[in-house]
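> I'll drop the sequence and a predicted model, then ask my questions.
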Amino acid sequence: MPVKTKKTTKAKRSKKVKKPAVRATTSKAKRTKTLATKKSPKKAAAKTSPAKKTAKSHKQGKRKPIGPSAKTAANNRVTKTAKESTAWKVSPEISQSVVDIDIWKKGDLKIEHMKVYRSGWIIVDQLPDLSGYNPDEGINIFKDFELVEHRLLDGSEETSFFPKELPLEECERLMTLSKAELVDEGWAIESATRFSGPLVVEEV
């Protein structure tokens with residue numbers, strides 16, 4: 001019996017010695033975890049801060065006002081478009097140098113009806129080449145130009161020329177007919193509008 005009592009006492013003592021060791025280990029583990037937890041947010045913050053700065057710099061870049069280079073480029077585009085859309089105005093320098101001519105033909109017969117205008121002008125999209133222009137002969141504006149726009153102002157004189165083969169009564173009758181009635185009687189029309197004399201070319 002005394003031997004058994006001694007063994008029990010030793011077992012109890014050994015257990016008491018081991019318990020503080022376990023506590024010490026546990027407290028160290030808690031401390032390391034606490035330190036790791038405290039240190040990790042700082043590292044994360046350090047890593048994320050450059051990204052935030054980069055994002056802010058990108059946002060500020062979008063809000064950047066238009067600089068002189070961008071304005072200059074825009075002005076250059078506007079100037080280029082204006083040059084491409086340049087047109088020229090052509091008009092006779094002398095008054096009553098615009099003639100509208102209707103030529104009616106039927107077989108060998110020809111009737112010319114001319115109307116003189118005080119002035120007129122045309123707009124073309126290309127600079128006209130007038131190197132071979134003869135002021136005395138004039139120029140057919142609808143045949144020799146590609147017109148963008150045209151206008152004839154203040155028609156005054158009207159003159160008709162009939163062939164000698166036609167009697168006076170027939171000439172007077174034809175004068176009373178409309179264009180549609182002349183076509184019905186077999187007459188075909190050719191029209192021309194001519195500028196004559198010196199011409200003025202202006203950029204518009």
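Cool, got the structure.
> Low-confidence bits of this protein, can you list those?
1-85 (pLDDT under 70).
> So what pairs up with Glu149 in the strands?
Ile123 (DSSP bridges).
> Could you measure from it over to Asp102?
22 Å (C-beta to C-beta, to the nearest Å). Glycine gets a C-beta too; all of them are placed from N, C-alpha and C.
> the more surrounded of these two?
Asp102 (16 against 10; other C-beta atoms under 10 Å).
> Provide a list of residues in contact with the more buried one.
Counting by C-beta atoms under 8 Å, 6 or more residues apart in numbering, Asp102 touches Glu112, His113, Met114, Ile189, Glu190, Ser191.
> Secondary structure element holding the fourth one?
Secondary structure here is read from DSSP states H and E; on that basis Ile189 sits in strand 188-195.
> Tell me which residues are up against that strand.
Taking C-beta under 8 Å, 6+ apart as the rule, strand 188-195 contacts 90-92, 97-106, 120, 122, 138-143, 150, 152, 179, 182-183.
> same thing but 10 Å
With C-beta atoms under 10 Å, 6 or more residues apart in numbering as the test, strand 188-195 has contacts from 90-93, 97-106, 110-115, 117, 120-122, 133, 135, 137-145, 150, 152, 179, 182-183.
> among the residues you listed, which are in strands?
90-92, 98-106, 110-115, 117, 120-122, 139-140, 150, 152 (DSSP state E).
> Can I get the buried ones among the residues you listed as something I can paste into ChimeraX?
Filtering the ones in strands among the contacts of strand 188-195 down to the buried ones (16 or more other C-beta atoms under 10 Å) takes a single ChimeraX command:
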select :90,91,92,98,99,100,102,104,111,113,114,115,117,120,121,122,139,152
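> For the nearest residue to Glu137 once chain neighbours are set aside, give me its contacts.
Nearest non-adjacent residue to Glu137, counting by C-beta to C-beta, 6 or more residues apart in numbering: Ser196, 7.3 Å away. Residues in contact with Ser196 (C-beta under 10 Å, 6+ apart) are 92, 94, 96-99, 133-139.
> 8 Å instead?
Ser196 neighbours (C-beta under 8 Å, 6+ apart): Pro92, Ser97, Val99, Pro135, Asp136, Glu137, Gly138, Ile139.
> any idea how far it is from Met114?
Taking C-beta to C-beta, one finds Ser196 at 12 Å from Met114.
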